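Enquirer: pasting the sequence and the predicted coordinates here, then a few questions.
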Amino acid sequence: MNIGFIGVGGMAQAIIGGLLNAKTFAPAEIVVHSHREESYLPYAQAHDLVAAKSNQAVAAASDLIVLAVTPNVAPAVLAEIKDELTADKTLISIVAGLSLADIAAITGAGLPTLRTLPNVNVEVGAGMTAVAANAVLTGDRLKAALRVFNTIGSTTTLAEDQFGVFSALAGSSPAYIDFFIDSLSRAGVKHGLTKAQATAIAAQATLGSAKMVLKSDKIPFELIDQVSSPGGSTVAGLLAMEEAGLMTAVVKGIDATIKRDAGETD
Ligand SMILES: NC(=O)C1=CN([C@@H]2O[C@H](COP(=O)(O)OP(=O)(O)OC[C@H]3O[C@@H](n4cnc5c(N)ncnc54)[C@H](OP(=O)(O)O)[C@@H]3O)[C@@H](O)[C@H]2O)C=CC1
Ligand SMILES: O=C(O)[C@@H]1CCC=N1
């Protein structure tokens with residue numbers, strides 16, 4: 001089975017990297033093309049992937065076609081490959097804000113289509129991807145499309161009107177969590193650790209805390225209490241962070257993310 005990528009930017013490369021690591025597809029089963037030859041050709045050569053000469057050629061050569069271009073060009077690219085999108089193929093879109101109805105308006109409703117919103121952590125097999133299938137993507141075809149994302153992380157089926165909030169909480173949040181890790185690390189540097197030491201310590205603590213939340217039957221606030229010894233240093237730190245507005249800052253950031261995803265400008 002061949003999987004083709006139209007657009008080979010940051011996100012497509014994260015997915016391809018994850019799929020190659022997981023051996024979900026052999027390099028010869030991965031077909032790529034993007035706007036500029038100087039961008040996709042060296043990437044294809046470096047990973048032994050199949051470089052197609054056009055977006056149509058990707059669609060023609062692939063069973064699963066991943067639309068991984070930026071939202072502003074997605075409708076034009078779909079229109080360009082429309083004639084290659086026969087009902088024996090599955091279209092997988094990762095384009096934020098592009099609905100199944102938007103896609104069907106260009107491709108027709110008979111094309112099996114999976115709308116997804118993956119996050120960059122698919123590259124290390126720890127992704128979080130939202131999925132919504134259209135009415136004609138069912139059975140084994142649906143399983144084959146879901147397998148792409150299940151081999152590089154977790155998936156959750158979501159109503160399309162929840163993709164905006166999902167995109168903020170999982171699609172964009174790696175950037176916010178990295179910002180938090182970097183803030184912890186910078187504080188470590190302030191107190192004498194090297195940046196490399198501090199970053200490794202902060203990242204491992206973040207990874208462990210996420211695992212605890214997922215594995216434990218306690219809610220995060222109970223875990224916070226477990227760490228906060230009476231009269232101790234953690235509660236002092238927590239109160240200082242809250243005085244600086246940490247929770248409000250996070251919620252405001254997520255609100256802004258959702259607004260922009262919905263097409264609102266400042
Ligand atoms: N980054 C992320 O964490 C996430 C991104 N997404 C979605 O993924 C999509 C891609 O985002 P991202 O990878 O960050 O963006 P990038 O800017 O890194 O990549 C965009 C890609 O689109 C290609 N492209 C542009 N125009 C065309 C065209 N006409 N034909 C073929 N290819 C074209 C570019 O080609 P070239 O380089 O050759 O110009 C490039 O490979 C977006 O729709 C975004 O909403 C979804 C979830 C998470
Ligand atoms: O920044 C963006 O628009 C995309 C959507 C989710 C993550 N990156």
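Expert: Looks like it came in fine. Ligands and ions are numbered 1, 2, ... in the order given.
Enquirer: C-alpha only now, for contacts and for neighbours.
Expert: Noted.
Enquirer: residues contacting the closest residue to ligand 2 within the stretch 1-150 of the chain?
Expert: Among the residues of the stretch 1-150 of the chain, A96 lies closest to ligand 2, at 5.4 Å counting by C-alpha to the nearest ligand atom. Taking C-alpha atoms under 8 Å, 6 or more residues apart in numbering as the definition of contact, the neighbours of A96 are P71, L117, S167, D261.
Enquirer: same question, A87
Expert: Each residue near A87 by C-alpha under 8 Å, 6+ apart is listed here: G110, L111, P112.
Enquirer: ok, the last one to ligand 1 distance?
Expert: When distances are taken as C-alpha to the nearest ligand atom, to the nearest Å, P112 and ligand 1 turn out to be 19 Å apart.
Enquirer: before we move on, what about the second one?
Expert: L111 sits 20 Å away from ligand 1 when distances are taken as C-alpha to the nearest ligand atom.
Enquirer: now that residue: which helix or strand?
Expert: For L111, there is no host helix or strand (DSSP states H and E).
Enquirer: then S154?
Expert: Residue-wise, S154 maps onto strand 153-157 under DSSP H and E.
Enquirer: off-centre distance for the helix or strand following that strand?
Expert: Sequence-wise, the next helix or strand downstream of strand 153-157 (DSSP H and E) is helix 163-166. Helix 163-166 sits 12 Å away from the centroid of its parent chain (C-alpha atoms, centre = their mean, to the nearest Å).
Enquirer: ok, stretch 91-107 next?
Expert: 16 Å.
Enquirer: near ligand 2, which residues of the protein show up?
Expert: Proximity of the chain to ligand 2, by C-alpha under 6 Å from any ligand atom, involves residues A96, S167, G171, S172.
Enquirer: need those residues in TSV (columns: secondary structure).
Expert: Written out in TSV, the entries for the residues of the chain next to ligand 2 read as follows (DSSP: H, G, I helix; E, B strand; the rest coil):
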residue	secondary structure
A96	coil
S167	helix
G171	helix
S172	helix
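Enquirer: wait, isn't A68 in contact with L78?
Expert: No: no contact is recorded between A68 and L78 when judged using C-alpha atoms under 8 Å, the distance being 11.0 Å.
Enquirer: between these two, which has more neighbouring residues?
Expert: Taking A68 and L78 together and counting by other C-alpha atoms under 10 Å, A68 has the greater number of neighbours (23 against 20).
Enquirer: list the contacts of that one.
Expert: With contact set as C-alpha under 8 Å, 6+ apart, A68 has these partners: F5, I6, G7, V8, G9, M11, A12, S93, I94, V95.
Enquirer: the same query, at a cut-off of 6 Å, please.
Expert: Taking C-alpha atoms under 6 Å, 6 or more residues apart in numbering, we find A68 in contact with I6, G7, I94.
Enquirer: going by neighbour count, which of these comes out on top?
Expert: Neighbour counts for the contacts of A68 (other C-alpha under 10 Å) peak at I6, which has 29 neighbours.
Enquirer: great, nothing more from me.
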